[in-house]
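S.K.: Give me coordinates for this.
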Amino acid sequence: MTQDKPPTGDEPTPSPQDLREQVEATREELGQTVEALAARTDVKTRAHEKTTAVRQQLAEKTTQVTAQLRDKATHAAQVMQDRTPQPLRAKAAAAGGQVRDTAVHVSELAHDKAPEPLREKAGQGMRMARANRAPLFAAAGALIAVLLVRHVRRRP
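M.R.: The predicted structure is shown next:
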């Protein structure tokens, strides 16, 4: 706000136009101050803005971490594949095929004998596994390679 100065007597008396301009400037400044105070007291709007900002930051961080994890899993699978000798990879592929065939057979048996609610839950799990197929296969391949390497090293 404007500072009121006591008249000293030396200053000329302000004209009515000057007084109107001062009053208008003071009103403008007072209006801005009231708007600023009203914005500070509007807790609901401030909380909503803060929530929106935090939600956006969380979404960005989640996207970033997901991409980093996917890159690391892909890199780890590639490193394991590069370090695993070809005969061992062939055995792992064959073992994977056998595991897949056995899993299909067991799944058919379980499907025939399982109650309906259990089948629905299993179907949900299968849909999730299919949606995340690449990371799941990378992890399974890495696990099989590690197990085979450990098995080969234990043999005398």
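S.K.: any chance you could map the helices in the chain?
M.R.: 16-41, 43-83, 86-113, 116-131, 133-154 (DSSP state H).
S.K.: Run the chain-centre distance for the first one.
M.R.: Averaging C-alpha positions (C-alpha atoms, centre = their mean, to the nearest Å) puts helix 16-41 45 Å from its chain's average.
S.K.: what's the angle between it and helix 43-83?
M.R.: Here the directions of helix 16-41 and helix 43-83 differ by 50 degrees (axes from the mean of the first three to the mean of the last three C-alpha atoms, to 10 degrees).
S.K.: Mind listing what's buried along helix 16-41?
M.R.: Within helix 16-41, not a single residue qualifies as buried, counting by 16 or more other C-beta atoms under 10 Å. (Glycine included, C-beta is placed from N, CA and C.)
S.K.: Show me what it packs onto, helices and strands only.
M.R.: helix 43-83 (3 or more C-beta pairs under 8 Å, 6 or more residues apart in numbering; DSSP states H and E).
S.K.: what's the angle between the helix it packs on and helix 86-113?
M.R.: Angle of helix 43-83 versus helix 86-113, following the same axes, to 10 degrees, is 130 degrees.
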